[in-house]
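Chemist: For reference, the sequence and a predicted model appear below.
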Amino acid sequence: MATTWIKPIRKNKGKTVAQTIKDRTDYAKNPEKTEAGQLVTGYACDARTVDIEFLLTKQEYERTTGRERGKDDILLYHVRQSFKPDEIDAEKANQIGHELALKFTKSNHAFIVSTHIDKAHIHNHIIFNAVSLNSTQKFRNPIRSNKIIRRISDHLCLENGLSIIENPKPPKGNYRDWQGNKEFVKLPTARQKLERLIDEILTKQPQDFNEFVKLLEDAGCEFKQSRRSVRLAGQKGFIRLNSLSENYKEDAIKDRISSFGTNPRQHEFTESDNERSRQASNENYIFELVNAPDTVHSALVQMLHSTGSKKSATPKPKVNLLIDIQNSIKAQSSAGYEQWAKVHNLKESAKTLLFLQDNDLTDVDKLNEQAQLAKDDFNDIKNRIKSIDLRLTEISTLQKHIGTYIKTKDAYAQYKKLGFNKSFYTKNQTAIENHKEAKQFFDAQGMSKLPTIKTLKEEFATLSTEKKKLYSKYNDARKFMQDILKAKQNVEQILNQPLADQLEQSKLNKANDRS
């Protein structure tokens, strides 16, 4: 059960940009909360020098673009992700936070993920640079970004077997909600009122969206076609349908309406003619299966228990997870939502069938095997990236100490030649202590001969190139793993039986066939 929020960070009053960045990143990296920094990971940056790297990237952006925003300039974004107590360990939480940041920033911004364990609930602090990796643009914080982050976080939690909050509570009310009683009474917001009205209207089963709009107007609302927005009776402003909760956006309403009649919801396409034709073909095939739910179930059962396979020529659609209607609080309280969820599940069942056929996964043994291989492949790439990150950190540390050692070598030699003179030490204390620290580091590493800076830079460049190549594979491997795991989970829910049991049954069937 993870909760999330996001906050843009601007320059603090009375502090410089550098101080603001350092304060925020230092708070996240607090060694007392992150097991001495063991629970701090970074992407496209070194966690130890993240403040300097972020600042340099910002300066490069200003030089390249000539844009300066002044005091309103957003320097960083701070995301927090909190997990249910005793449900996850710190390493896994950090991994999920890393994936959340990659997905939300689309791998275009450097970030660090710090997992804090000082509270009863483990939580992540994600700090990412507002400037992109190539220093040419800044992050464009989308409208209702809190909902986007929560949706990504919920998706990752489901993939990792963690609980989520199905119906998040709205923010606490403000002074206008106070009724003069001893208790604080939370009144429904305009959006909540509109969502309840939509549920009420959908129980009347309008034939199409136009009839739905007419029923809205009959209820005293005003609908603005140009902005696709609604104004409730007695309200001043309009509310965009697409600013409502996920199941009350315009497309979701049309989906729910389509479940009442026999015609599939019409889509407006902006793709090319070929893409439009492909999408229409997919939609028609899925709609045929949706209108024959027994066909979906029997097709999956037959396909997963057959020894052969038949690859579909239909391009694979995007697979989404099915809704657990039985345990959904919203389905229990809204007949309209429950009906929409049933149709949604039928459509996703048909898409799952297409996905399995298109990827030649029509045998339960192969589906189970490929799902595990997809996870192993993704984890292998991820571990290789972590290994490279670790070596890059080691190289950076070694370069730092070698540079210090070389710069302070003459001062320390003179100090030693003078018989460790106290007066000379006082004047050159910083250089002498830095030299000692560097030498202690080399001794601790068992280094009798130091590598050259040139060699280290070449190794750093080689590893950085390899890391970039791995990240391109990382995204593809992660997407395929997510798709196949969702398909596998959907199969288990459709057949109402764990896939492991299906595998055993498949083996028994094959053994019987051979006998």
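Modeler: Happy to help now that I have it. Numbering: from 1, shown residues only.
Chemist: Can you give me the domain assignment for the chain?
Modeler: Domains of the chain are assigned by automatic domain parsing as 3-159, 186-258, 273-362, 369-493.
Chemist: Low-confidence ranges, the chain, go.
Modeler: 1, 166-187, 259-340, 494-515 (pLDDT under 70).
Chemist: Check the secondary structure at residue 434 for me.
Modeler: In three-state terms, and counting by DSSP: H, G, I helix; E, B strand; the rest coil, residue 434 is helix.
Chemist: Could I get the full set of strands for this protein?
Modeler: Applying DSSP state E to the chain gives strands spanning 3-10, 40-43, 74-82, 111-116, 123-129, 222-224, 229-231, 239-240.
Chemist: can you redo those strands as JSON lines with mean neighbour count?
Modeler: In this view, the C-beta of every residue, glycine as well, is placed from N, C-alpha and C. Putting those into JSON lines (neighbours: other Cβ atoms under 10 Å) gives the following:
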{"stretch": "strand 3-10", "mean neighbour count": "16"}
{"stretch": "strand 40-43", "mean neighbour count": "22"}
{"stretch": "strand 74-82", "mean neighbour count": "21"}
{"stretch": "strand 111-116", "mean neighbour count": "26"}
{"stretch": "strand 123-129", "mean neighbour count": "25"}
{"stretch": "strand 222-224", "mean neighbour count": "13"}
{"stretch": "strand 229-231", "mean neighbour count": "19"}
{"stretch": "strand 239-240", "mean neighbour count": "18"}
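Chemist: want to throw those strands into CSV with distance to residue 351?
Modeler: Converted to CSV, the strands of the chain look like this (distance: least, Cβ to Cβ, whole Å):
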stretch, distance to residue 351
strand 3-10, 28
strand 40-43, 32
strand 74-82, 29
strand 111-116, 33
strand 123-129, 32
strand 222-224, 32
strand 229-231, 31
strand 239-240, 28
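Chemist: To residue 450, which of those strands lies closest?
Modeler: strand 40-43 (26.1 Å; Cβ to Cβ).
Chemist: partners of that closest one in the sheet?
Modeler: Sheet pairing of strand 40-43 (DSSP bridges) gives strand 111-116 (antiparallel).
Chemist: Contacts for the strand it pairs with, please.
Modeler: 25, 28-30, 33-34, 39-45, 47, 50, 90-91, 93-94, 97-98, 101, 105, 122-129 (Cβ atoms under 8 Å, 6 or more residues apart in numbering).
Chemist: can I have that strand written out in CSV, keeping just the CAs?
Modeler: C-alpha atoms of strand 111-116 as CSV (Å, rounded to 0.1, in the frame of the first residue of the first chain):
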residue,chain,number,x,y,z
PHE,A,111,17.8,11.4,-10.2
ILE,A,112,18.6,9.8,-6.9
VAL,A,113,16.4,7.5,-4.8
SER,A,114,17.0,7.5,-1.1
THR,A,115,15.2,4.9,1.0
HIS,A,116,14.6,6.0,4.6
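Chemist: the inter-axis angle of it versus strand 74-82?
Modeler: Angle, strand 111-116 to strand 74-82, by axes from the mean of the first three to the mean of the last three Cα atoms, to 10 degrees: 40 degrees.
Chemist: let's number from 123 now, not from 1
Modeler: OK, 123 is where the count begins now, so the last one is strand 233-238.
Chemist: Any idea how far strand 233-238 is from the middle of the chain?
Modeler: In terms of Cα atoms, centre = their mean, to the nearest Å, the centre of strand 233-238 is set 14 Å apart from its chain centre.
Chemist: same deal with stretch 575-595?
Modeler: So, by Cα atoms, centre = their mean, the centroid of stretch 575-595 is 26 Å from its chain's centroid.
Chemist: same check, this time on stretch 236-248
Modeler: With Cα atoms, centre = their mean, you get 17 Å for stretch 236-248.
Chemist: what's the span of it, first residue to last?
Modeler: Terminal residues of stretch 236-248 are spaced 6 Å apart (Cα to Cα, to the nearest Å).
Chemist: likewise stretch 186-195?
Modeler: Counting by Cα to Cα, the terminal residues of stretch 186-195 are separated by 16 Å.
Chemist: Tell me which of the domains of the chain sits nearest to residue 287.
Modeler: Of all the domains of the chain, domain 125-281 sits nearest to residue 287, with 6.9 Å by Cβ to Cβ.
Chemist: Show me the residue sitting in the middle of this structure in space.
Modeler: Nearest to the mean C-alpha position of the chain, counting by Cα atoms, centre = their mean, stands residue 222 at 3.0 Å.
Chemist: Tell me how far that residue lies from residue 210.
Modeler: From residue 222 across to residue 210, the span is 13 Å (Cβ to Cβ, to the nearest Å).
Chemist: same deal with residue 284?
Modeler: For residue 284, the distance to residue 210 equals 6 Å [Cβ to Cβ].
Chemist: okay, those two: which has more neighbours?
Modeler: When residue 284 and residue 210 are compared for neighbours, residue 210 comes out ahead with 22 against 19, by other Cβ atoms under 10 Å.
Chemist: tell me the contacts of that one?
Modeler: 218, 244, 282, 284.
Chemist: wouldn't the residue nearest to the centre of the chain be in contact with residue 250 here?
Modeler: No - if you go by Cβ atoms under 8 Å, residue 222 and residue 250 don't touch, sitting 10.6 Å apart.
Chemist: which residues do these two both contact?
Modeler: Shared contacts of residue 222 and residue 250 (Cβ under 8 Å, 6+ apart): residue 201.
Chemist: Select, out of the strands of the chain, the one closest to residue 593.
Modeler: Using Cβ to Cβ, the nearest of the strands of the chain to residue 593 is strand 162-165, at 8.8 Å.
Chemist: for the closest one, the distance to its chain's centre please.
Modeler: Per Cα atoms, centre = their mean, the centroid offset for strand 162-165 relative to its chain is 15 Å.
Chemist: Distance to residue 563 added to the contacts of residue 210, as a markdown table?
Modeler: Output for the contacts of residue 210, formatted as a markdown table (distance: Cβ to Cβ, whole Å):
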| residue | distance to residue 563 |
| --- | --- |
| 218 | 34 |
| 244 | 32 |
| 282 | 38 |
| 284 | 40 |
